[in-house]
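Visitor: structure, please.
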Amino acid sequence: MLLDAAREAVAEAVGCRGDEVVFTSSGTRAVHSGIGGALAGRRRVGRHLVVSAVEHSSVLHSAQVCEADGGTVDRVPVDRAGSVDPSAYAAALRPDTALACLQSANHEVGTVQPVAETAEVCRAAGVPLLVDAAQSLGWGPVEGAWSLLTASAHKWGGPPGVGLLVVRKGVRFAVQGPADERESGRAAGFENIPAIVAAVASLRAVRAEAAQEAVRLRELTERIRTRVPELVPEVEVVGDAERRLPGIVTFSCLYVDGEALLHALDREGFSVSSGSSCTSSTLTPSHVLKAMGVLSEGNVRVSLPAGAAEEDVERFLTVLPGAVAGVRETLGAPAPETAVQAGELVVDSLGKRCPIPVIELAKVFGEVPVGGTVRVLSDDEAARLDIPAWCEMRGQEYVGEEPAERGTAYVVRRVS
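Guide: Purely as a prediction, here's the structure:
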C-alpha cells in the first residue's frame, strides 16, 4: 500500500500514469536501465543513439557502452550558453535512430534545455526521447511529449539511493539482464520502501514551496551573476542568463587555480564546487565547459539550497574578491620564458599546468604590436580550451593550434 501510494504521488508530480513509474536504486541506475532498455526494445529499428555534448556522465557512459556494442552515437553540440538547438537534433536523427537523450537542465551551469521543442522534433521522426530530469524535477514537471524520464531523489533533497524511471505506455522497452517480478521487471530486488516513501514525501514538500522559493533564489543568483564581474576583474559568468535553474550560478576566473580557490573559500565557510580541470585527477577540463567553449580555469559553481539566506550571499560576495586576489598573487610569480622566432613571440609553457599557460600569455601580450602574434607552447590539455576562451574575453584573435615538437602550439594574434 505504501509503495502504491508513493507511485501514484510520483505520477502526479511527473505528469504520467502510476503504472509507468519504476523505482530504482539511484538516478544513475535509472539512466542506465532506461537507455539500455529503450535501445534493446528498438533494436530492429537500428542502433543509433543521439545525445547532447553536455549530458550527465551516466548518459555519456551509456553512450560509450552503445558504441562498444557496435552501435553509433551522435553528440549534438551546444552554444556558448550551454543550450542545444532543436534543429540540431532534427539533423542528427536518422532512419536507424533508436533513441535520443536530452537533460532537462544542466548540472554544472544551470542552463535549461528546450525539451518540449526537442521532444516534438523527435516525435515527428518517430524517435523516443529520454529526459534526464534529475536537476529540475524538484522545481516542476518536465513539459513536452517525452517518452522516458529519469530522476534522482537526492537532487531534490530526498534520501540517496532512490531513483525514478518513467517509461510511457507504447514505448518499446526490453529489460536487460535476468527478469525480476518487481517494478515491471525493470529494477531487480526488493524495493527500499522507507527510502521511497521519504523521497516522495520530500518531493511533495519541495514542490509545495517551489514557485515561491524559485522567485527568491533567482533574485539571489542574479545578484551573484551581476556583482561578481563588478567585484572581481577578469571573470566570465557562464550559462544561459534567462533559461536557467533558480539556484545555480557558475563563473570562471582568469589566472586562478580552481582547487586553490575552492580551498580558500572553504576556509571562509563556503562549500562550492568546480568544473575546472585543476580539480580533476585527470587534469582535463569538465566536458560541459569544454563543449561550451568557455573558460575552465578558476571555475566556481555556487548552488543555493532551499532556504539559503540573503546575508550568506552578501558575505560570499564580500569574501570572494579577496580569495581570488590571494590565489592570483600566489600563482602570478612565475616569469614566462619567452623568445622571438621569425618575428613571432614564443611563450614556452611546457610542463606547466592550468592556469599558468594563460597567465604567461597575458604577461607578455602587451609586448606584441597590433597585428603581431604570440605562440604558446603547452602540453596541458586545458590550454586547448582556456587560450581560445581568454581571446574571446579579451577581444583578441585566436588563430588556431599547430603541432609542435613537444606539446601543441597555440597561436594568438593581437588585434587591439
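Visitor: hey, what's residue 400 bridged with?
Guide: residue 411 (DSSP bridges).
Visitor: how close does it get to residue 382?
Guide: 17 Å (Cβ to Cβ, to the nearest Å). (Glycine included, C-beta is placed from N, CA and C.)
Visitor: which one's more surrounded, these two?
Guide: Under the neighbour definition other Cβ atoms under 10 Å, residue 400 and residue 382 were set side by side, and residue 382 has more, 26 against 10.
Visitor: surely the more buried one and residue 298 touch.
Guide: No - at 11.1 Å, residue 382 does not count as touching residue 298 under the criterion of Cβ atoms under 8 Å.
Visitor: how far does the helix or strand hosting residue 212 sit from its chain's centre?
Guide: Using DSSP states H and E, residue 212 maps to helix 193-231. Its chain's C-alpha centre and that of helix 193-231 lie 18 Å apart, by Cα atoms, centre = their mean, to the nearest Å.
Visitor: state the mean pLDDT of stretch 377-387.
Guide: Per-residue pLDDT over stretch 377-387 has a mean of 91.
Visitor: repeat for stretch 353-372
Guide: The pLDDT scores in stretch 353-372 average 89.
Visitor: okay, buried residues for it please.
Guide: Within stretch 353-372, the residues that count as buried by 16 or more other Cβ atoms under 10 Å are 353-365, 368.
Visitor: could the residues you listed be laid out in CSV, adding distance to residue 94?
Guide: Shown next, in CSV, are the buried residues of stretch 353-372 (distance: Cβ to Cβ, whole Å):
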residue, distance to residue 94
353, 41
354, 38
355, 41
356, 44
357, 40
358, 40
359, 45
360, 46
361, 42
362, 45
363, 49
364, 48
365, 46
368, 47
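Visitor: what's the weakest-modelled helix or strand in this protein?
Guide: strand 337-341 (a mean of 59; mean pLDDT, DSSP states H and E).
Visitor: next helix or strand past it?
Guide: strand 344-348.
Visitor: now the angle between strand 344-348 and the following helix or strand past that next one, please.
Guide: Using DSSP H and E, the helix or strand that follows strand 344-348 in sequence is helix 356-365. Interaxial angle, helix 356-365 versus strand 344-348 (axes from the mean of the first three to the mean of the last three Cα atoms, to 10 degrees): 150 degrees.
Visitor: alpha carbons only: can I get helix 356-365 in CSV?
Guide: C-alpha atoms of helix 356-365 as CSV (Å, rounded to 0.1, in the frame of the first residue of the first chain):
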residue,chain,number,x,y,z
ILE,A,356,50.0,29.1,-15.8
PRO,A,357,50.0,29.0,-19.7
VAL,A,358,47.3,31.7,-19.8
ILE,A,359,49.0,33.7,-17.1
GLU,A,360,52.2,33.7,-19.1
LEU,A,361,50.4,34.6,-22.3
ALA,A,362,48.8,37.6,-20.6
LYS,A,363,52.1,38.8,-19.1
VAL,A,364,53.8,39.1,-22.5
PHE,A,365,50.9,40.1,-24.6
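Visitor: just checking, what packs against that helix?
Guide: strand 344-348, strand 373-378, helix 383-394, strand 408-413 (3 or more Cβ pairs under 8 Å, 6 or more residues apart in numbering; DSSP states H and E).
Visitor: in TSV: these, plus distance to residue 320 and mean neighbour count.
Guide: Listed next are the helices and strands packed on helix 356-365 as TSV, based on distance: least, Cβ to Cβ, whole Å; neighbours: other Cβ atoms under 10 Å:
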stretch	distance to residue 320	mean neighbour count
strand 344-348	29	19
strand 373-378	28	23
helix 383-394	18	21
strand 408-413	28	20
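Visitor: relative to residue 269, which of those is closest?
Guide: helix 383-394 (28.9 Å; Cβ to Cβ).
Visitor: the inter-axis angle of the closest one versus helix 356-365?
Guide: 40 degrees.
Visitor: so which elements touch helix 383-394?
Guide: helix 356-365, strand 373-378, strand 397-403, strand 408-413.
Visitor: contacts for the longest one?
Guide: Pointing back at helix 356-365 there. 254-255, 297, 331-332, 334-336, 338, 345, 347, 349, 352, 374, 376, 378, 380, 382-383, 386-387, 390, 396, 410, 412, 414 (Cβ atoms under 8 Å, 6 or more residues apart in numbering).
Visitor: circling back to that earlier point, return the member of the buried residues of stretch 353-372 nearest to residue 287.
Guide: Minimum distance to residue 287 across those is 15.5 Å, recorded for residue 354 (Cβ to Cβ).
Visitor: and the nearest residue to the closest one once chain neighbours are set aside, how far is that from residue 390?
Guide: Spatial nearest neighbour of residue 354, chain neighbours left out: residue 382 (4.0 Å); criterion: Cβ to Cβ, 6 or more residues apart in numbering. From residue 382 across to residue 390, the span is 11 Å (Cβ to Cβ).
Visitor: now do residue 413
Guide: Taking Cβ to Cβ, one finds residue 413 at 13 Å from residue 390.
Visitor: overlap in contacts, the two.
Guide: With Cβ under 8 Å, 6+ apart as the test, residue 413 and residue 390 both reach residue 396.
Visitor: care to break this protein down by domain?
Guide: The chain resolves into domains spanning 2-205, 210-331, 337-413 when parsed by automatic domain parsing.
Visitor: dump the residue contacts of the residue nearest to residue 20 when sequence neighbours are not counted.
Guide: Setting aside the residues directly before and after it, residue 20 is nearest to residue 166 in space (Cβ to Cβ, 6+ apart), at 5.2 Å. Shown in contact with residue 166 (Cβ under 8 Å, 6+ apart): 14, 16, 20-22, 148-150.
Visitor: and residue 96, by the same measure?
Guide: Residues near residue 96 by Cβ under 8 Å, 6+ apart: 45-48.
Visitor: which one of those residues is nearest residue 195?
Guide: Comparing the contacts of residue 96 against residue 195 with Cβ to Cβ places residue 47 closest, at 35.1 Å.
Visitor: would you confirm that the closest one contacts residue 73?
Guide: No - with contact defined as Cβ under 8 Å, residue 47 and residue 73 do not form a contacting pair (9.5 Å).
Visitor: so where's the protein shaky on pLDDT?
Guide: 276-283, 333-343 (pLDDT under 70).
Visitor: assess the claim that residue 34 and residue 151 are in contact.
Guide: No - assessed by Cβ under 8 Å, residue 34 is found out of contact with residue 151, at 10.7 Å.
Visitor: for the nearest residue to residue 29 once chain neighbours are set aside, give its distance to residue 39.
Guide: Nearest residue to residue 29, sequence neighbours excluded (Cβ to Cβ, 6+ apart): residue 163, at 5.6 Å. Distance, residue 163 to residue 39, by Cβ to Cβ: 19 Å.
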